[in-house]
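Colleague: missing the sequence, but the structure's below:
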């Protein structure tokens, strides 16, 4: 019997597991490996599509579960799909509305293995560099390709106006932000918190913990039995989490695992 038997830890990537140079520290990696060796289940939970996480998955334990695209795509340790929630056709009504009202706002459409740049903005160009991923021109998109997430990009003040002006249509979706220059839209059932609930039912674990730093993590922070926010997290996450741990630049995930051990009294 391991000391973490029956415990699942869901961890956000950017701003949480990853440091500011987009790396995974040796301290975090050792802690995750020990967590798994002692019976724990580790789950990577990100807004990224699978194509942009391969370098991280190569060094993380292969036994981990994977939540991509804010909960729209769930895969097990063998890469088998547990659940996928694709955007309905009426997403294009929202895209067209935002395109008409806010021509300065960019739009990225996410498939599992490609990000299609529907319309560019300076923030989309920055996103492409940050993700170290070449976005595909939308002319290469073909009907029938499953899309999981729409990401609208622009200045924070403008995206706030988008939320207000397009509120009626946006309320039909889950709309969150992993950065102030993003407005990420998925189906209502696609959310990190709902992914947590799905894993709880399927795995029958006794305790689920979550750690994250931004708006797209709020669902899993609220749904977890015990949750953590790194010191660098957004204010709403710091307020919602059960416990604040060290910043993402100082082994936040390792600190969370240490506190799980203390909570279990082992």
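Modeller: Right, received. Where do you want to start? Remember, it's a predicted structure, so these values are computed and weren't measured experimentally.

Colleague: Quick check, central residue of this structure?
Modeller: What sits nearest the mean C-alpha location of the chain, by CA atoms, centre = their mean, is residue 46, with 2.5 Å.

Colleague: wait, what's in contact with that one?
Modeller: 12-14, 53, 67-70 (CB atoms under 8 Å, 6 or more residues apart in numbering). For every residue, glycine as well, the C-beta is placed using N, CA and C.

Colleague: for residue 32, same thing?
Modeller: So residue 32 contacts 42, 60-61, 64, 253-254, 257 (CB under 8 Å, 6+ apart).

Colleague: any idea how far residue 232 is from residue 16?
Modeller: 9 Å (CB to CB, to the nearest Å).

Colleague: Which one's more surrounded, these two?
Modeller: residue 16 (29 against 18; other CB atoms under 10 Å).

Colleague: SS state for the nearest residue to that one once chain neighbours are set aside?
Modeller: Residue nearest to residue 16 in three dimensions, not counting chain neighbours: residue 213, with 5.0 Å by CB to CB, 6 or more residues apart in numbering. At residue 213 the chain is in coil, as set by DSSP: H, G, I helix; E, B strand; the rest coil.

Colleague: List the residues that contact residue 213.
Modeller: 12, 14-16, 229-230, 232-234, 237, 248.

Colleague: how about 7 Å then?
Modeller: 12, 15-16, 229-230, 232-234, 237, 248 (CB atoms under 7 Å, 6 or more residues apart in numbering).

Colleague: gap between it and residue 183?
Modeller: Counting by CB to CB, the gap from residue 213 to residue 183 is 17 Å.

Colleague: okay, and for the stretch 1-150 of the chain, where does confidence drop off?
Modeller: Along the stretch 1-150 of the chain, the model assigns pLDDT under 70 to no residue.

Colleague: Just the helices from it, written as ranges.
Modeller: For the stretch 1-150 of the chain, applying DSSP state H, counting those that start in this stretch gives helices covering 26-37, 54-57, 91-101, 122-131.

Colleague: Tabulate those in TSV, adding columns for distance to residue 217.
Modeller: Formatted as TSV, the helices of the stretch 1-150 of the chain follow (distance: least, CB to CB, whole Å):
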stretch	distance to residue 217
helix 26-37	17
helix 54-57	17
helix 91-101	23
helix 122-131	18
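
Colleague: how deep is residue 69 tucked in, by neighbour count?
Modeller: 28.

Colleague: I should have written residue 23 there, sorry.
Modeller: Neighbours of residue 23 (other CB under 10 Å): 13.

Colleague: residues contacting it?
Modeller: So residue 23 contacts nothing (CB under 7 Å, 6+ apart).

Colleague: So it versus residue 67, what's the distance?
Modeller: 21 Å.

Colleague: Name the residues that touch stretch 128-143?
Modeller: Under CB under 7 Å, 6+ apart, the answer for stretch 128-143 is 48, 51-52, 108, 114-118.

Colleague: measure that stretch end to end?
Modeller: 24 Å (CA to CA, to the nearest Å).

Colleague: now that stretch, how far from the centre of its chain.
Modeller: Distance of stretch 128-143 from the chain centroid (CA atoms, centre = their mean, to the nearest Å) equals 19 Å.

Colleague: Could you do stretch 220-233 as well?
Modeller: For stretch 220-233 - counting by CA atoms, centre = their mean - the centre lies 13 Å from the chain centre.

Colleague: mean confidence score for it?
Modeller: Stretch 220-233 carries an average pLDDT of 98.

Colleague: which other residues reach that stretch?
Modeller: 10, 15-16, 45, 192-193, 196-197, 207-213, 237-238, 240-248, 252, 256, 263.

Colleague: Kindly recompute the last result at 6 Å.
Modeller: Stretch 220-233 is contacted by residues 10, 16, 192-193, 196, 207-213, 237-238, 240-245, 247-248, 252, 256 when judged by CB atoms under 6 Å, 6 or more residues apart in numbering.

Colleague: Restricted to helices, list these.
Modeller: 192-193, 196, 237-238, 240, 252, 256 (DSSP state H).

Colleague: out of these, who has the most neighbours?
Modeller: residue 252 (32 neighbours).
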